[in-house]
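Q: Here is my input, please return the structure:
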Amino acid sequence: MPTILFRCIRYLPVVAACLLLVAGTGCKEAIDSTQQPTLPAINEETQHAAYTLAVIYPMSHPFFEPVTKEAEEAARQAQVNIIVKSPEEANLEQQIRMMENLIKQQVDGIAIDPVDPDALTPYINKAVEAGIKVICFDSDAPDSKRLSFIGSHNRQAGIRLGQTVAELMNGRGMIIASTGMNTMMNMREREEGFKDALKAHPDIQLLELRSNHGDPAISLQNLEEMIEAHPHFDAFVGFDSLSGPSAIMVWKAKGLTQTAVAFDDMPEILEGIRNGQLTATVSQQESRWGYLIVTRLIEAIKNKDIPAIDDSGSVVITKDNVDTFR
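A: Model prediction:
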């Protein structure tokens with residue numbers, strides 16, 4: 001597990017003087033999983049008064065780098081300003097302060113990956129009541145006034161993860177597992193889906209599931225302690241972007257051969273699959289989130305209808321398709 005979190009993403013204003021014409025379409029009710037969504041057309045109104053959009057991550061981590069890259073490119077093409085913020089570590093108080101500051105700045109739109117949907121719902125509602133368009137991505141706050149959710153259907157992704165693990169284990173054996181912040185809705189939904197999938201396999205036992213609270217050091221420590229406590233385990237499962245890299249480090253150090261299934265498709269995880277430290281991973285196809293965030297916020301600002309959910313889907317990656325799944 002890498003212990004160095006990626007750099008804090010700085011404010012990146014888009015130079016409005018560089019005018020580009022972007023061909024676009026209206027919003028779609030469903031997203032084709034084989035295509036990137038198109039951007040809304042640029043018109044004279046947006047050329048003369050650029051919008052300011054903001055993205056708030058739960059923490060600084062390489063998982064979000066492709067999302068930032070695509071969001072910045074989409075913002076450049078659409079000639080809007082974009083602010084990207086993230087706490088160094090998963091932190092509710094910092095996300096709240098970021099929301100409050102963006103409301104004071106009167107930005108036009110906010111996309112947030114909330115670390116605690118219940119605690120952040122009042123601040124999401126406050127932003128909406130101030131006239132700011134708000135959407136959630138990756139993890140949802142469904143009881144808030146947010147307009148839309150962008151990301152994979154996390155419960156279905158958890159079911160798919162469980163089915164994949166059961167198949168790799170031939171329907172029997174013992175599992176240890178690691179998850180992220182247990183306040184995040186995406187983590188809870190993946191765990192629920194995973195456990196539901198295992199109900200069809202009574203000979204598979206989930207020995208222990210630990211939360212790393214969004215901390216890579218805790219993720220590594222938890223895994224090492226679970227292996228020591230359950231030396232006869234047959235498989236490890238990770239529900240978040242920290243658990244897979246932790247498994248790679250431990251499998252390398254200990255020369256383990258047990259099944260290890262992770263979540264997400266960061267370069268380190270893909271390399272772990274190629275090298276045999278990981279058996280499989282479930283990708284959320286998050287690279288498309290950046291375009292969707294910018295597209296949907298612009299459409300919402302223009303008072304266009306946007307889908308309540310943009311499901312980016314999920315795909316299982318193994319050594320057989322690690323170089324072709326995209």
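
Q: Please, which helix or strand holds Ala262?
A: When secondary structure is defined by DSSP states H and E, Ala262 falls within strand 259-263.

Q: Now do that strand: which elements does it pack against?
A: Of the remaining helices and strands, those touching strand 259-263 by 3 or more CB pairs under 8 Å, 6 or more residues apart in numbering; DSSP states H and E are helix 154-168, strand 235-238, helix 243-254, strand 280-283. The way it works is simple: take the backbone N, C-alpha and C, and place the C-beta from them, glycine included.

Q: What average pLDDT does the longest one get?
A: Averaged across helix 154-168, the pLDDT comes to 96.

Q: Just the angle for the helix or strand that it is followed by relative to strand 259-263, thanks.
A: Going down the chain from helix 154-168, the next helix or strand is strand 173-179, by DSSP H and E. Between the axis of strand 173-179 and that of strand 259-263 there is an angle of 30 degrees, by axes from the mean of the first three to the mean of the last three CA atoms, to 10 degrees.

Q: Would you indicate which residues of strand 173-179 are buried?
A: Buried residues in strand 173-179, defined by neighbour count with 16 or more other CB atoms under 10 Å: Gly173, Met174, Ile175, Ile176, Ala177, Ser178, Thr179.

Q: which one of these sits closest to Leu223?
A: Within the buried residues of strand 173-179, the smallest distance to Leu223 is 6.1 Å, found for Ser178 (CB to CB).

Q: contacting residues for that closest one?
A: The neighbours of Ser178, taking CB atoms under 8 Å, 6 or more residues apart in numbering as the test, are 209-212, 219, 222-223, 226, 236-240, 242-243, 246.

Q: cool, Thr183 as well?
A: Leu92, Val115, Asp116, Pro117, Asp118, Ala119.

Q: Surely it is in a strand?
A: No: inclusion of Thr183 in a strand is not indicated when DSSP: H, G, I helix; E, B strand; the rest coil is applied; the result is coil.

Q: CA atoms only for the host helix or strand of Val55 - export them in CSV, please.
A: Secondary-structure element containing Val55, defined by DSSP H and E: strand 52-56. The C-alpha coordinates for strand 52-56 follow below in CSV (Å, rounded to 0.1, in the frame of the first residue of the first chain):
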residue,chain,number,x,y,z
THR,A,52,-17.2,28.3,-11.5
LEU,A,53,-17.5,24.6,-10.6
ALA,A,54,-16.0,22.9,-7.6
VAL,A,55,-15.1,19.2,-6.8
ILE,A,56,-14.6,18.0,-3.2
